[in-house]
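J.: Please work out how this folds:
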Amino acid sequence: QVQLVESGGGLVQAGGSLRLSCAASRRTSGSYVMGWFRQAPGKEREFVAATSWSAGRTMLADSVKGRFGISRDNAKITVYLQMNSLKPEDTAIYYCAARVGIPSDRSSLYGNWGQGTQVTVSS
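T.: Alright, predicted model coming up:
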């Protein structure tokens, strides 16, 4: 199973930016998708963004469109989540996830998960 390791979380003021990274332990064949989900205290895990390695298809949640972007570095087997114009409501643990198939906003379809990285946005 591919291991996923997130990094880049931290504390930032509202309006600031952070970039999260998710590194995969090895390459895979087939249609591989990596995505980001987040979970705030007392709330359900929610979809943020996803991208496919081969076709370059991406998805972004409506709540982050225009502020967040997802990109990948094939050589480093790493996916990035660039977060701009951060708001206090973006505070959550951000999880990297992976699946074989096409990008999806359904967390139940992702079989691989990272350990999560905390993002805290102060007002």
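J.: Please name the nearest non-neighbouring residue to the most centrally placed residue in the chain.
T.: The centroid of the chain falls nearest to Trp36 when counting by Cα atoms, centre = their mean (2.3 Å). Nearest non-adjacent residue to Trp36, counting by Cβ to Cβ, 6 or more residues apart in numbering: Val48, 4.2 Å away. The way it works is simple: take the backbone N, C-alpha and C, and place the C-beta from them, glycine included.
J.: can I assume the one you found sits in a strand?
T.: Yes. Membership of Val48 in a strand is supported by DSSP: H, G, I helix; E, B strand; the rest coil.
J.: how deep is it tucked in, by neighbour count?
T.: 25 (other Cβ atoms under 10 Å).
J.: any idea how far Arg57 is from the closest residue to Leu4 other than its chain neighbours?
T.: Excluding its sequence neighbours, the residue lying closest to Leu4 (Cβ to Cβ, 6+ apart) is Gly114, at 3.8 Å. Using Cβ to Cβ, to the nearest Å, Gly114 is found at 21 Å from Arg57.
J.: Kindly report the same for Ser123.
T.: 35 Å.
J.: Would you mind telling me which of those two has more residues around it?
T.: The neighbour count for Ser123 versus Arg57, taken as other Cβ under 10 Å, is higher for Arg57 (13 against 9).
J.: didn't that one look like it was pressed against Ile102?
T.: Yes. Look at Arg57 against Ile102 with Cβ atoms under 8 Å: they come within range, at 6.7 Å.
J.: Would you mind pulling the contact partners of stretch 55-72?
T.: 31, 34-36, 46-53, 78-86, 90, 102-105 (Cβ atoms under 8 Å, 6 or more residues apart in numbering).
J.: From these, list just the buried residues.
T.: With burial judged by 16 or more other Cβ atoms under 10 Å, the buried subset of the contacts of stretch 55-72 is 34-36, 47-53, 78-81, 83, 86, 90, 103-104.
J.: Just the ones of the residues you listed in strands?
T.: With strands taken from DSSP state E, the overlap with these comprises 34-36, 47-52, 78-81, 83.
J.: Can you tell me which of the residues you listed comes closest to Tyr95?
T.: Of all those, Tyr95 sits closest to Trp36, with 7.0 Å by Cβ to Cβ.
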